[in-house]
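*Asks:* Let me see the structure of the following:
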Amino acid sequence: QLVESGGGLVQAGGSLRLSCAASGRTYSKNTMGWFRQAPGKEREFVAAISGNANTAYYQDSVKGRFTISRGNAKNTVYLQMNSLKPEDTAVYYCAARITSLPSTLSQQYNYWGQGTQVTVSS
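*Replies:* Below is the predicted model of the structure:
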């Protein structure tokens, strides 16, 4: 089970830190990702951290602004979001693969959280 938290309303230029707490099994060796879906749009990749080398991957539009990381307990994944823009407004989802290999494709993720709303006002 994956549970996201940390969403909310923030002004443009502000920051939020999303958390994804995993339970039921350990995900320390699994690739974890963050995706988002804005109203009327398809779900899109935001960031991922691989299970094999803890390498981070980002969508171009968030590079330099967002940082994905694992918690010390390894069953928590964070998404630090800085310099937020109105176009970052979406429901953000945490996801996990059953493999340690990285992926930016939502269909290759096996477990999903319920999502947390992020709203950035201009």
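*Asks:* what bridges to the residue nearest the centre of the chain?
*Replies:* When CA atoms, centre = their mean is applied to the chain, the residue found nearest the centroid is Trp34 (2.3 Å). Beta-bridge partners recorded for Trp34 (DSSP bridges): Ala47, Cys94.
*Asks:* Assess the claim that it and Leu18 are in contact.
*Replies:* Yes: at 7.0 Å, Trp34 counts as touching Leu18 under the criterion of CB atoms under 8 Å. The C-beta positions use only the backbone N, C-alpha and C, and glycine is treated the same way.
*Asks:* Show me the common contact partners of the two, please.
*Replies:* Common neighbours of Trp34 and Leu18 (criterion: CB atoms under 8 Å, 6 or more residues apart in numbering): Leu79, Tyr92, Cys94.
*Asks:* so what's the second one closest to, chain neighbours aside?
*Replies:* Yep, that's Tyr92 we're talking about. Arg36 (4.8 Å; CB to CB, 6 or more residues apart in numbering).
*Asks:* And that neighbour, how close does it get to Ala90?
*Replies:* 4 Å (CB to CB, to the nearest Å).
*Asks:* Asp60: how many residues sit nearby?
*Replies:* 6 (other CB atoms under 10 Å).
*Asks:* That should have said Val91, apologies.
*Replies:* With other CB under 10 Å as criterion, Val91 counts 18.
*Asks:* Skipping adjacent residues, who's closest to it in space?
*Replies:* In space, Val91 is closest to Gly115, 4.2 Å off (CB to CB, 6+ apart).
*Asks:* just Ser83 next, same as before
*Replies:* Nearest to Ser83 is Arg65, by CB to CB, 6+ apart, at 4.7 Å.
*Asks:* What pLDDT does the model give the one you found?
*Replies:* The model reports Arg65 with a pLDDT of 98.
*Asks:* surely it meets Glu87?
*Replies:* No: with contact defined as CB under 8 Å, Arg65 does not count as touching Glu87 (11.4 Å).
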